[in-house]
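K.L.:
The following comprises the amino acid sequence and a computationally predicted model.
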Amino acid sequence: MSVTIALEQPRQEGVIRLLDLSDAYAQSLYPAESNHLVDLSVLEKPSVSFLVARSDDAIVGCCAMVEAGDGTAEIKRMFVDPEARGLRIASGLMNALEAIAEKKGLTAIRLETGIYQPEAIALYRKYGYREIEPFGAYLPDPLSLFMEKQLA
């Protein structure tokens, strides 16, 4: 099974299916006030790089990098289809996302994830992300973990 990762538009059936799965998963773990999900219209903005992972043309993963306008960006909507987990798709998405960030000359990538997602936290730590204080418009939340990776 070969996996390809490319910049694509988010408004397509396979991506919407993944975002719906992601929403349902987040809602099963956290109360509404601790879910910081962005919708499709945000993902379509010019400041967003949206990556799609495909396996044999089926959409199996996605993630967005939203530029903050200050030389940093935030990872949003990182999600891999549960049927495709274990195929290193999230790692592929992270590699592609960081390559784009470096090309754009960004100084840091940040993210917010939930404390009940040990696989996501382990992935980000593996890539060198470290815990930070809440950033941007985020408020402290005992269910959220804020992380950042400084780029050269």
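P.N.:
Arrived safely. Numbering: from 1, shown residues only.

K.L.:
so Tyr129 touches Leu111, yeah?
P.N.:
Yes. Taking C-beta atoms under 8 Å as the definition, Tyr129 is a contact partner of Leu111 at 6.9 Å. Where you see a C-beta, it was placed from the backbone N, CA and C, and this is true even at glycine.

K.L.:
Mind listing the shared neighbours of those two?
P.N.:
By C-beta atoms under 8 Å, 6 or more residues apart in numbering, Tyr129 and Leu111 have these common neighbours: Met147, Glu148.

K.L.:
Locate Ala73 within the secondary structure: which element?
P.N.:
strand 72-80 (DSSP states H and E).

K.L.:
That strand - what's its average pLDDT?
P.N.:
Here strand 72-80 scores 97 as its mean pLDDT.

K.L.:
Can you show me the strands along the protein?
P.N.:
Applying DSSP state E to the chain gives strands spanning 3-7, 48-55, 58-67, 72-80, 108-114, 130-131, 144-150.

K.L.:
Nearest to Tyr30, out of these?
P.N.:
Tyr30 lies closest to strand 108-114 among these, at 5.5 Å (C-beta to C-beta).

K.L.:
What lies in contact with the closest one?
P.N.:
By C-beta under 8 Å, 6+ apart, the residues outside strand 108-114 that reach it are 26, 29-30, 34, 36, 65, 71-76, 78, 97-98, 101, 120-121, 124, 129, 132, 134-136, 138, 143-151.

K.L.:
now do 6 Å
P.N.:
Strand 108-114 has contacts (C-beta atoms under 6 Å, 6 or more residues apart in numbering) with 29-30, 36, 72-75, 101, 120, 135, 138, 143-150.
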